[in-house]
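K.L.:
give me coordinates for this.
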Amino acid sequence: MPAPSALAPPASRSPQGQNAKAVVPFIRAAKKHREPFFDQTNALGTALSPINIPAYGFLRGVWIRVDASGGAGAASLAPTADSPFNCFQFMGLFDVNGAPMYGPFGSSYRAFEIQKYGAYHRYLDGRQNDFLAPVTGNQGAFRVWFYVPVELVRRNALGSLANLNAAATYKLQLTLNSSAALYGAGTFTTAPTVRVRCWLDAWAQPPATDLLGNMTAQTPIAHGTTQFWSEQVYPIGAGQQTVRLLRVGLYLRMLIVTLLGAAGARDVTDTDWADPVQLFLDGFELVNMSQNLLWTELYTLYNVTPNSTEAANARDSGVYVFQFVDDDSSVVGNEERNRYLPTLQSSRLEIRGSFSGAVTGLSVLTNDVAPQGDIFAAGTDNSTI
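P.N.:
As a prediction, the model looks like this:
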């Protein structure tokens, strides 16, 4: 057997390559970290907030698991269209100063839309992930997962935020929805209780040097870059509409538009959607697409079939996505930011089209990004800066 010295790499080499002085990228130097931080069982309608997120490393997001059980006497159970994804009637993530980063939303169905179409994990469809829907005969039981994103891009940890101060924590706010919102006509002699569990998804802060003495990047690239998810509701009626979207001034990453019908509920009648629909920025036509072309694009990007709805691996009626993240071989979630849409406070962003039926409004989820430094700089995907 060769002597150990014969197996050692030459001094000029290291696992980083020929240049031993290269800065080790953050995602190579850091380690992923997950830990539970909340576990409570409560009655429907209970406010669980505020929930302090543990201070640890750099925050990537939060996983939430919801399990309902213990119901009895619900022979007339008739889940609503958004059930069980609307299990929270209030849902939001707030930064250390109390400013909203994610929401707040009046229904966690918006969280379902964001995790499915927001491009943070490949094919994170809530109906495919250890899912149980409330159906007649199961006494109201259901289970579902949510993911609340903070990090923007997996390949380089862009958007992960420092979370090191236990005296100033990020906060999650959740309020369970009512029985009527979830189960419609279902009547219970004993209503289900709901267990909610949360896990921190984070990067551990890397040491200043690795085991070979190479310097490491101590923070993610362009640290401080922050994304936001917010909802704006625009009342409209049937007929030709021009809807000016008011959330502008940052880089736009994505818009998720939900057609609303009676009482502000999701309009699941696809024939009420504008066909075609147009999206304009300062008079320039960004989108002019038929309804079935929008569905086809969803299939190419998210693997959801256009031919069925409200099921696993299927599209969701009344939900339409305008995305600016497909610049990396159409693999959403690893974007290089080339298609992010810059806007100003004075920008005129408009949806135009002819809607029909009992449409009452549009819910628009806006995902915009406030950069800290140059998020487009050469080398940001391999992080030597």
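K.L.:
please count neighbours and contacts with C-alpha atoms only from this point.
P.N.:
Will do.
K.L.:
what are the structural domain limits within the chain?
P.N.:
26-203, 226-370 (automatic domain parsing).
K.L.:
TSV for the ones you listed, including mean neighbour count and distance to residue 377?
P.N.:
Formatted as TSV, the domains of the chain follow (neighbours: other Cα atoms under 10 Å; distance: least, Cα to Cα, whole Å):
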stretch	mean neighbour count	distance to residue 377
domain 26-203	20	12
domain 226-370	18	10
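K.L.:
possible to save these as TSV with distance to residue 211?
P.N.:
Below are the domains of the chain laid out as TSV (distance: least, Cα to Cα, whole Å):
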stretch	distance to residue 211
domain 26-203	10
domain 226-370	29
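K.L.:
select, out of those, the one closest to residue 218.
P.N.:
domain 26-203 (6.4 Å; Cα to Cα).
K.L.:
residues contacting residue 33?
P.N.:
Neighbour list for residue 33: 200, 201, 202, 203, 204 [criterion: Cα atoms under 8 Å, 6 or more residues apart in numbering].
K.L.:
again with residue 218
P.N.:
26, 205, 206, 207, 208.
K.L.:
how near is the last one to residue 215?
P.N.:
This means residue 208. Applying Cα to Cα, to the nearest Å, the value for residue 208 to residue 215 is 6 Å.
K.L.:
more neighbours, those two?
P.N.:
residue 215 (18 against 13; other Cα atoms under 10 Å).
K.L.:
which of the domains of the chain sits closest to residue 220?
P.N.:
Taking the domains of the chain one by one with Cα to Cα, domain 26-203 is closest: 5.7 Å.
K.L.:
check residue 20 and give its pLDDT.
P.N.:
The score at residue 20 is 49. That number is its pLDDT.
K.L.:
what residue ranges in the stretch 251-385 of the chain score low on pLDDT?
P.N.:
329-331, 378-385 (pLDDT under 70).
K.L.:
just the strands in it please.
P.N.:
251-260, 277-281, 284-289, 305-309, 314-315, 319-323, 341-342, 349-355, 361-370 (DSSP state E, counting those that start in this stretch).
K.L.:
circling back: of the contacts of residue 33, which belong to strands?
P.N.:
Judged by DSSP state E, strands contain the following of those: 200, 201, 202, 203.
K.L.:
which residue ranges of the stretch 51-200 of the chain form helices?
P.N.:
109-117, 179-183 (DSSP state H, counting those that start in this stretch).
K.L.:
so what's the backbone phi/psi at the spatially closest residue to residue 139 that is not a sequence neighbour?
P.N.:
Take residue 139 and drop its neighbours on the chain: the residue closest to it by Cα to Cα, 6 or more residues apart in numbering is residue 71, 4.9 Å away. Torsion angles at residue 71 (phi, psi; degrees, to the nearest 10) stand at phi -80, psi 160.
K.L.:
my read: residue 71 touches residue 140, true?
P.N.:
Yes: in this structure, residue 71 is within contact of residue 140 by Cα atoms under 8 Å, at 5.7 Å.
K.L.:
show me the common contact partners of the two, please.
P.N.:
Counting by Cα under 8 Å, 6+ apart, the residues touching both residue 71 and residue 140 are 191, 192.
K.L.:
and the longest helix seen in the chain, what does it pack onto?
P.N.:
Using DSSP state H to define each element, the chain has its longest helix at helix 291-302. Where contact means 3 or more Cα pairs under 8 Å, 6 or more residues apart in numbering; DSSP states H and E, helix 291-302 is packed against strand 305-309, strand 319-323.
K.L.:
what about the helices of the stretch 51-200 of the chain, which gets the closest to residue 286?
P.N.:
helix 109-117 (19.4 Å).
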